[in-house]
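Peer 1: next one to model:
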Amino acid sequence: MKKVEIYTDGSCKQNPGPGGWGAILVYQGRELELSGSAADTTNNRMELTGVIEALRRLREPCEVVLTTDSKYVSDGISKGWAKSWRSRGWKKADKSPALNPDLWGTLLDLCEKHSVTFVWVKGHAGHPYNERCDTLAQGEAQKISDNKA
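Peer 2: Purely as a prediction, here's the structure:
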């Protein structure tokens, strides 16, 4: 399998509000930047969307190291929470509804296609790719915010 590094981040003005996501795919020294936005969303939805959109760009099953500053995303997959939520009909252990089941379901499907290892990094701590993804995400959120004004 090809080895790909992916870096992602999500951002939201207010929360909920205008949001953006950014991702960088690195393969054999080449980098591809991706970004997008949503008019009325949450930070967690943008974090998930960045991961999903990056994984969707892979044309074949790959070995992926995915770096994110989102504990929500990294723990949701690495600790098996999302799989448990899905197995219980998108309910958490306390029977309350799991949030964002549409995105979690898509992400789980993509993680079955690829071999993905999630790595959490502290946000705004100087990690170059995380900082760049944050800039992309905030820029997308700002565009939506500016268009609403």
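Peer 1: who's in contact with stretch 86-99?
Peer 2: By Cβ atoms under 8 Å, 6 or more residues apart in numbering, the residues outside stretch 86-99 that reach it are N44, W81, A82, S84, W85, P101, W104, G105, L108. Glycine gets a C-beta too; all of them are placed from N, C-alpha and C.
Peer 1: what about the third one, which helix or strand?
Peer 2: Here A82 is covered by helix 81-87, with elements defined by DSSP states H and E.
Peer 1: show me what the next helix or strand after that helix is in contact with.
Peer 2: Sequence-wise, the next helix or strand downstream of helix 81-87 (DSSP H and E) is helix 101-113. By Cβ under 8 Å, 6+ apart, the surrounding residues in contact with helix 101-113 are 45, 48-49, 51-52, 55-56, 61, 73, 76-77, 82-83, 85-86, 90, 98, 116.
Peer 1: narrow those residues to just the buried residues.
Peer 2: Among the contacts of helix 101-113, those buried by neighbour count (16 or more other Cβ atoms under 10 Å) are 45, 48-49, 51-52, 55, 73, 76-77, 82, 85, 90, 98, 116.
Peer 1: any chance of those residues in JSON lines, with secondary structure too?
Peer 2: Listed next are the buried ones among the contacts of helix 101-113 as JSON lines, based on DSSP: H, G, I helix; E, B strand; the rest coil:
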{"residue": "R45", "secondary structure": "helix"}
{"residue": "L48", "secondary structure": "helix"}
{"residue": "T49", "secondary structure": "helix"}
{"residue": "V51", "secondary structure": "helix"}
{"residue": "I52", "secondary structure": "helix"}
{"residue": "L55", "secondary structure": "helix"}
{"residue": "V73", "secondary structure": "helix"}
{"residue": "G76", "secondary structure": "helix"}
{"residue": "I77", "secondary structure": "helix"}
{"residue": "A82", "secondary structure": "helix"}
{"residue": "W85", "secondary structure": "helix"}
{"residue": "W90", "secondary structure": "coil"}
{"residue": "A98", "secondary structure": "coil"}
{"residue": "V116", "secondary structure": "strand"}
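Peer 1: quick check on K71: phi, psi?
Peer 2: phi -60, psi -40 (degrees, to the nearest 10).
Peer 1: and of the contacts of stretch 86-99, the nearest to I24?
Peer 2: N44 (20.0 Å; Cβ to Cβ).
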